[in-house]
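S.K.: Need a 3D model of the following:
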Amino acid sequence: MALIETASETINRWVERVLLVIGAAICLILFAQVIFRYAGASLGWSEEVSRHLLVAITFLGGTVAYKRASFIGLQGLGNHLGPAVQRIIVMGLQVLTLALFVLIAWFGIVYTIKAAEHTSAALQIPMSIPFGVIPLAALIFVIHVLADMARSFGVRRP
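M.R.: Numbering: from 1, shown residues only. Modelled structure (predicted):
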């Protein structure tokens, strides 16, 4: 299980770098679009590329937020019933979360394959390219959840 924790950390570092590049690309593309429109010309592809990159930031950013435990936490019934019950609740939620992300990955892969038949309006690329971020992010989520489960079940690095 130490391997899954290392993989989770490594993937997260790379995703954070990719998010920085995507964010900078969106800023540059939209800035260029404003300049070109002001000059009387328009970049027909800029809005489509920015939209696809924004979707990628949303999905990949969710994986980083999960890894950093930056989502809103809820203190519920398990907090009042003691650490043993709380641990059972956390493990149950992790199993459900894992199942959800496996399901999203599966349907994301199916949807991405089906989207290969369609092309985008401005770029004329297969829609499977921008949709591919859905199963990719779901698989990253799966790795992060497995790493969390390894920690929850008490498996530690040597």
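
S.K.: just checking, what's the longest helix in the protein?
M.R.: helix 2-38 (DSSP state H).

S.K.: what separates the residue nearest the centre of the chain from residue 103, distance-wise?
M.R.: Against the mean C-alpha coordinate of the chain, by CA atoms, centre = their mean, the closest residue is residue 60 at 2.9 Å. Residue 60 sits 19 Å away from residue 103, going by CB to CB, to the nearest Å. C-betas here are computed from N, CA, C, even on glycine.

S.K.: Rank the helices and strands of this structure by mean pLDDT and give me the bottom one.
M.R.: helix 77-80 (a mean of 68; mean pLDDT, DSSP states H and E).

S.K.: Show me which residues of the following helix or strand past that one are buried.
M.R.: Next in sequence after helix 77-80, counting helices and strands by DSSP states H and E, comes helix 83-115. Using 16 or more other CB atoms under 10 Å as the burial criterion, the residues of helix 83-115 that qualify are 86, 94, 97-98, 101, 104-105, 108-109, 111-112, 115.

S.K.: what residues does the next helix or strand after helix 83-115 touch?
M.R.: Going down the chain from helix 83-115, the next helix or strand is helix 128-131, by DSSP H and E. Helix 128-131 has contacts (CB atoms under 8 Å, 6 or more residues apart in numbering) with 52, 55-56, 108, 111-113, 115-116, 120.

S.K.: how about 10 Å then?
M.R.: Residues from elsewhere that reach helix 128-131 (CB atoms under 10 Å, 6 or more residues apart in numbering): 48-49, 51-53, 55-56, 108-109, 111-120, 123.

S.K.: now swap in stretch 143-150 and tell me
M.R.: 1-12, 15, 63-64, 66-69, 90-91, 93-102, 155-157.

S.K.: how near is the nearest residue to residue 54 once chain neighbours are set aside to residue 2?
M.R.: Counting by CB to CB, 6 or more residues apart in numbering, residue 54 lies nearest to residue 26, which is 6.5 Å off, once chain neighbours are set aside. Residue 26 sits 36 Å away from residue 2, going by CB to CB.

S.K.: swap in residue 154?
M.R.: 13 Å.

S.K.: okay, the two: which has more neighbours?
M.R.: residue 2 (12 against 8; other CB atoms under 10 Å).

S.K.: Which pLDDT value goes with that one?
M.R.: Here, the pLDDT recorded for residue 2 equals 87.

S.K.: just residue 11 next, same as before
M.R.: Looking at residue 11, its pLDDT is 98.
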